[in-house]
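Colleague: Pasted the sequence and its predicted model underneath.
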Amino acid sequence: MGYPFSVRPTQVRSATRADARFIAQLGDMAGEGLPSHLWAQTVRPGETSLDIGTARAARDMGAFSWTNTRIALSHGAPVGAILDYDIDTPEVGGAPALLAPLLALEMRAAHTRYINILAVIPQSRNKGVASLLLADVGARTDRDVTLIVASGNRVARGLYIAKGFDEIAREPMGPDGPPGLRGDWILMRRKAQYGHGE
């Protein structure tokens, strides 16, 4: 898939099932490689980890779904995505130990609008795409907004702080993750934007 190198975000639209592979790709970026690490454990002959992620994103049900995703476009091409939903009672059963720290933080995010994915393709970063997507979710909810970010992702953390998010809690990353993924997962929270817009 080719992407424009000179981009300016122009709009945000709801995702369709046809966006599933793009959602999976950006979900893996947002998750610091953890999603593809987990997807790879269930691949069958002839499949890739991205195929597994695409199939999950193409489902109509579940949190990780195209139905919960908005896509940022520049000149008609997808350049970023945000996947968010109301989180009331996080699902905790049957998850691998690697996900235990994330689930513990999600429990603390109950009753908020939770951003599961926020990512922008590399060519389009530092051009306001992430800010556009954050403004979009703020305009769609009356709840506080939460997200989880890796402690090593200083650029993302700086953006979230600039957009009004505060650190609420952190948990050490679980064992047996992707190579190089070390440190803490950090839960951040922004108070509801009652004016609906930023």
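Modeller: Arrived safely, thanks for sending.
Colleague: Can you give me the buried ones in stretch 172-184?
Modeller: Across stretch 172-184, burial judged by 16 or more other Cβ atoms under 10 Å covers 173-174, 177-178, 181, 184. For every residue, glycine as well, the C-beta is placed using N, CA and C.
Colleague: Would you check which pair of these lies furthest apart?
Modeller: Spatial extent of the buried residues of stretch 172-184 (Cβ to Cβ) is set by the pair Pro178 and Asp184 at 15.4 Å.
Colleague: What about the buried residues of stretch 172-184, which are in strands?
Modeller: Taking DSSP state E as the definition of strands, those contribute Asp184.
Colleague: Looking at the buried residues of stretch 172-184, spot the one nearest Asp51.
Modeller: Using Cβ to Cβ, Pro178 comes nearest to Asp51 of the buried residues of stretch 172-184, at 18.1 Å.
Colleague: I figured His75 hits Ser124, correct?
Modeller: No. The pair His75 / Ser124 is not scored as a contact, 10.7 Å apart, by Cβ atoms under 8 Å.
Colleague: More neighbours: which of these two?
Modeller: Shown here are His75 and Ser124; by other Cβ atoms under 10 Å, Ser124 has more neighbours (23 against 11).
Colleague: any idea how far the more buried one is from Val12?
Modeller: Distance check for Ser124 against Val12: by Cβ to Cβ, to the nearest Å, it reads 13 Å.
Colleague: Ok, Asp166 next?
Modeller: 25 Å.
Colleague: Name the helix or strand for Val137, please.
Modeller: For Val137, the host element (DSSP states H and E) is helix 129-139.
Colleague: next SSE after that helix?
Modeller: Of the helices and strands lying after helix 129-139 in sequence (DSSP H and E), the nearest is strand 145-150.
Colleague: Neighbouring strands - and their directions - for that next one?
Modeller: Taking DSSP bridges as the criterion, strand 145-150 forms sheet pairs with strand 112-120 (parallel), strand 184-190 (antiparallel).
Colleague: which residues are in contact with it?
Modeller: For strand 145-150, the external contacting residues (Cβ atoms under 8 Å, 6 or more residues apart in numbering) are 32, 84, 87, 102, 105-106, 109, 112-115, 118, 137-138, 156-157, 160, 165, 168, 173, 181, 183-190, 192.
Colleague: avg pLDDT for it?
Modeller: For strand 145-150, the mean per-residue pLDDT is 98.
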